[in-house]
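Build me a model from this:
(one chain, ligands or ions: 3)
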Amino acid sequence: MLRNSVFRTVHSATKLHVTSSVRHYSRRALTTMAAFPDLRMETMVQTTTKHGMDVIHDPLLSKGTAFSLSERERLGIRGLVPPRTQEMDKQLQRIIRNLRECRTPLEKFVFMTALQDRNETLYYRLLIDNLEELSQIIYTPTVGEACQRFHSIYRRSRGMYFSSLDRGQMAAMVHNWPHDQVDVIVVTDGSRVLGLGDLGANGMQIPIGKLSLYVAGGGIRPTSILPVVLDVGTNNEELLNDPLYLGMGHRRLEGDEYYSFVDEWVHAIQNRYPNALIQFEDFQSKHAYNLLNKYKDKVCCFNDDIQSTSAVALAGVLASLKARGQTFENLSDERIICVGAGSAGVGVCEGIIDCMVEQGKVKSREEAYSRIWMLDQHGLIGNSNLGSEQTSNGERAELDERQVCYEKKDMKDRMSLEEVVKAVKPTVILGLSGAPGVFTEGAIRAMADGVEKPVVFPLSNPTRQSECTAEQAFEWTDGRAIFASGSPFKDVEYKGQIRKVNQLNNSNSFPGLGLAITTSRATRVTSKMFMETAVTIANMATEDQLKQGILFPGMGELRRVSKEVATRVCEVAYEQGLARAQLPQGSSLKDVIEDSMWNPEYVPTIRIDGHM
Ligand SMILES: NC(=O)C1=CN([C@@H]2O[C@H](COP(=O)(O)OP(=O)(O)OC[C@H]3O[C@@H](n4cnc5c(N)ncnc54)[C@H](O)[C@@H]3O)[C@@H](O)[C@H]2O)C=CC1
Ligand SMILES: CC(=O)C(=O)O
Ligand SMILES: [Mg+2]
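Ligands and ions are numbered 1, 2, ... in the order given. Down below sits the predicted model:
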């Protein structure tokens, strides 16, 4: 099935009419279908029971200076804002001018947070109109610094915290959240924040940043998102010793205590928001896979670092094949080195293996594993019976069942990256280690000796954790690299010519996925959805862009990417019998997706009686 659908270049979906496609959806899906909410009607006015200052201080209601005279009358705010009504364009002028005066990225971050806390409509308008620039503030790389400094820059609460004090209380606590409809939840335990390690409750900025991209890129409504930190403690000594730290001051819960804590939270959330999509984010490897395996078939959830990263990395490799004049079917001929054997590294490689197997050009899964060489902090996962290089990184813990699959029986254990490159002559090198600079000059130059167009993807975040810089990649490959990084780099001028860089981040995947799940009311997230996401993104660059080394649209086009991804994932949800929304008749799926995207604009505010 997948073999046929994955490798076509143009999805039939874009031509499909919903009326005809609904007909072949499974009986189960049809019998459980709910009416599709008419979001266009919902967004024509906003209603509130609030009055006076409560309206002005509610960021979801506030329009700042843009309230009309009649609204000021209706809402009891006449005289509480400056007299001249200024529309959004003027507000944006003022905001942009003030933003430009911030001296550092962190100052910009604090400025953006303050705007979000005052007026979310304006915040999202600004973000959408300047996604390329401002995603670097509210998301990687600046969000990393904001997490490290969370307890210093903290101003106002956003999201929910569930801590070790709350055991036994979570089912009641979830009702403290003020919104009855929640579509997407991003939850972290702060144990591996980007490549910055354990940041405990400071990790809250990650769910907030990811959810801002769900709204700005995926058109999810700001009232239906929920950022969550599970504060199970931290092992970060610096934070534990900092009197300003805002999280629990004990070491991390482990074992059964940890899993029962998470379980209580999942049940509490399911109880109040049974339809919400849960995104597990930045959980350390030892828990990431366990939690995913425990919940993926019971709850509508996924792990972003494992699954979304896998989709975008596969998209990058597939698009790079086209950029090298080959086709997707050449994937099984690739020789891939992956530096990093954690949840992201293993997740990404599993996605590539799945795709090779689906293509049917390898005889077995084992043969597919033979195309990928995996290194961790000790070096190559090789055969210790053939000898072992010593590294200064201490003893390697036992490999887990997923890592063992990549063991190379014919190569010495713990070989260095440069040795592996010389032995293997890779076509692609992936960095998911969080270790800055591990793509050494020797390794990348050796790679460039073996192939015409080396594919160099240092994917670790934030920028300073990157395995190499864009400049280094082009310098060491005589300008021949096809380059993508997790955090943004500027295009590089190499010998008078511009070399293009790509940002390969899971943000290309999750907003579109969330839009599809919300629109179709799908009950589960499946691996096919991620595979199709990869293919969709891999097909987005034009021939001309591919020639220049551009693999897919950049962050500035996230809304367009999300729409494409959502359309395809929505189709998959119906094909797999997982969707529950009955889509409106007579329009194309793409139009339905487009219409369901929230757009930040001011609509008339009407006061209603709370007792009605
Ligand atoms: N671009 C993107 O969209 C994404 C990027 N990432 C990045 O991937 C990185 C890793 O994430 P996880 O796998 O969750 O972390 P993890 O902690 O589970 O795994 C890190 C892996 O890197 C290895 N490693 C550490 N130092 C090394 C060194 N010097 N040489 C070789 N290997 C080394 C470790 O042994 C471990 O296998 C992070 O920096 C994260 O920001 C993660 C998800 C998405
Ligand atoms: C991008 C992301 O999810 C990470 O670096 O963890
Ligand atoms: Mg992450």
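
tally of neighbours for the residue of the stretch 101-250 of the chain found nearest ligand 1?
Here the stretch 101-250 of the chain gets closest to ligand 1 at one residue, residue 195, 2.7 Å apart by Cβ to the nearest ligand atom. C-beta coordinates here come from the backbone N, C-alpha and C atoms, glycine included. When neighbours are defined as other Cβ atoms under 10 Å, residue 195 has 25 of them.

List the buried residues for stretch 109-117?
Buried residues in stretch 109-117, defined by neighbour count with 16 or more other Cβ atoms under 10 Å: 109-113, 115-117.

any idea how far the residue in the stretch 401-550 of the chain positioned nearest to ligand 2 lies from ligand 1?
At 3.7 Å from ligand 2, residue 461 is the closest residue in the stretch 401-550 of the chain, using Cβ to the nearest ligand atom. Distance of residue 461 to ligand 1, given as Cβ to the nearest ligand atom, to the nearest Å: 4 Å.

looking at this, that residue is in a helix?
No: judged by DSSP: H, G, I helix; E, B strand; the rest coil, residue 461 forms no part of a helix; its state is coil.

For it, give me its contacts.
Neighbour list for residue 461: 140-141, 144, 194-195, 486-487, 505 [criterion: Cβ atoms under 8 Å, 6 or more residues apart in numbering].

change it to 7 Å
Residue 461 makes contacts with 140-141, 144, 194-195, 486-487, as judged by Cβ atoms under 7 Å, 6 or more residues apart in numbering.

The closest residue to ligand 2 within the stretch 151-300 of the chain: neighbouring residues, count only.
The nearest approach of the stretch 151-300 of the chain to ligand 2 comes at residue 194, 4.3 Å away (Cβ to the nearest ligand atom). Residues lying near residue 194 (other Cβ under 10 Å) number 23.

so residue 66 touches residue 84, yeah?
No: in this structure, residue 66 is not within contact of residue 84 by Cβ atoms under 7 Å, at 10.4 Å.

Neighbour count for those two, which is higher?
When neighbours are counted by other Cβ under 10 Å, residue 66 and residue 84 differ, and residue 66 comes out ahead with 19 against 7.

Let me see the confidence value for the residue of the chain positioned farthest from its centre.
For the chain, the largest distance from the centre (Cα atoms, centre = their mean) belongs to residue 79, which lies 43.0 Å off. pLDDT for residue 79: 97.

Could you look up the SS state of it?
coil.

Please report the distance of it from residue 432.
56 Å (Cβ to Cβ, to the nearest Å).

so what's residue 322 closest to, chain neighbours aside?
Of all residues not flanking residue 322 in the chain, residue 546 sits nearest, at 5.3 Å (Cβ to Cβ, 6 or more residues apart in numbering).

Around ligand 2, pick out the residues from the stretch 151-300 of the chain.
Applying Cβ under 6 Å from any ligand atom, we find that the stretch 151-300 of the chain lies next to ligand 2 at 194, 282.

Count the residues that sit near the closest residue in space to residue 309 that isn't next to it in sequence.
Distances taken as Cβ to Cβ, 6+ apart place residue 506 nearest to residue 309, at 4.6 Å, with adjacent residues excluded. By the criterion of other Cβ under 10 Å, residue 506 has 27 neighbours.

And residue 330, by the same measure?
16.

Looks to me like it is in a helix.
Yes: the assignment for residue 330, made by three-state DSSP, places it in a helix.

my read: it touches residue 321, true?
Yes: with contact defined as Cβ under 7 Å, residue 330 reaches residue 321; the gap is 5.3 Å.

hmm, whichever helix or strand residue 338 is part of touching ligand 1?
Element membership for residue 338, per DSSP states H and E: strand 336-339. Yes: for strand 336-339, a contact with ligand 1 is found by Cβ under 6 Å from any ligand atom, at residue 339.

what's the average pLDDT for that strand?
Mean per-residue pLDDT for strand 336-339: 98.

Packing partners of the following helix or strand past that strand?
Where DSSP H and E defines the elements, the next helix or strand beyond strand 336-339 is helix 343-359. Taking 3 or more Cβ pairs under 7 Å, 6 or more residues apart in numbering; DSSP states H and E as contact, the helices and strands that helix 343-359 lies on are helix 2-6, helix 285-295, helix 309-323, strand 336-339, helix 365-369, strand 372-376, helix 527-538.

quick revisit: what sits against the residue of the stretch 101-250 of the chain closest to ligand 1?
Here residue 195 is in contact with 434, 460-461, 465 (Cβ under 7 Å, 6+ apart).

could you dump those to CSV with pLDDT and distance to ligand 3?
Below are the contacts of residue 195 laid out as CSV (pLDDT from 0 to 100; distance: Cβ to the ion, whole Å):
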residue, pLDDT, distance to ligand 3
434, 98, 11
460, 98, 11
461, 98, 8
465, 98, 12
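
So which residues of the stretch 101-250 of the chain form helices?
105-118, 120-129, 131-138, 142-148, 150-153, 170-173, 205-218, 237-240 (DSSP state H, counting those that start in this stretch).

Return the residues of the stretch 151-300 of the chain in contact with ligand 3.
Contact residues, the stretch 151-300 of the chain versus ligand 3 (Cβ under 5 Å from the ion): residue 282.

Now do the strands in the stretch 151-300 of the chain.
Under the criterion DSSP state E, counting those that start in this stretch, the stretch 151-300 of the chain carries strands at the ranges 160-163, 184-188, 225-231, 277-280.

Is it possible to get TSV of those that adds mean neighbour count?
Formatted as TSV, the strands of the stretch 151-300 of the chain follow (neighbours: other Cβ atoms under 10 Å):
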stretch	mean neighbour count
strand 160-163	20
strand 184-188	27
strand 225-231	24
strand 277-280	26
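
Need these in CSV (columns: mean pLDDT and distance to ligand 1).
Formatted as CSV, the strands of the stretch 151-300 of the chain follow (pLDDT from 0 to 100; distance: least, Cβ to the nearest ligand atom, whole Å):
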stretch, mean pLDDT, distance to ligand 1
strand 160-163, 98, 22
strand 184-188, 99, 12
strand 225-231, 98, 17
strand 277-280, 98, 11
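
how about those, which one is nearest residue 88?
strand 225-231 (21.6 Å; Cβ to Cβ).

Check which helices and strands the closest one is in contact with.
Using 3+ Cβ pairs under 7 Å, 6+ apart: strand 225-231 touches strand 160-163, strand 184-188, helix 205-218, helix 255-272.

Around ligand 1, which positions in the chain sit nearby?
192, 194-195, 285, 305, 309, 339-345, 375-377, 432-435, 438, 459-461, 465, 486, 504-506.

Give the PyMOL command for selecting the buried subset of those.
For anyone working in PyMOL, the buried entries among the residues of the chain next to ligand 1, judged by 16+ other Cβ under 10 Å, can be selected with:
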select buried, resi 192+194+195+285+305+309+339+340+341+342+343+344+345+375+376+377+432+433+434+435+438+459+460+461+465+486+504+505+506
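
returning to what we had before: I'd like to know how many residues surround the residue nearest to residue 322.
The number of residues packed around residue 546, counting by other Cβ under 10 Å, is 19.

So which bits of stretch 595-608 are buried?
596-598, 600, 602, 605, 607.

who are the neighbours in contact with residue 161?
With contacts defined as Cβ under 7 Å, 6+ apart, residue 161 is in contact with 201, 229, 231.

Contacts only, for the last one.
Translated: residue 231. By Cβ under 7 Å, 6+ apart, residue 231 lies in contact with 161-164, 200-201, 247-248.

Dig out what it forms beta bridges with.
On the basis of DSSP bridges, residue 231 is bridged to residue 163.

How is this structure divided into domains?
Domains of the chain are assigned by automatic domain parsing as 9-86+600-607, 144-299, 308-504, 510-596.
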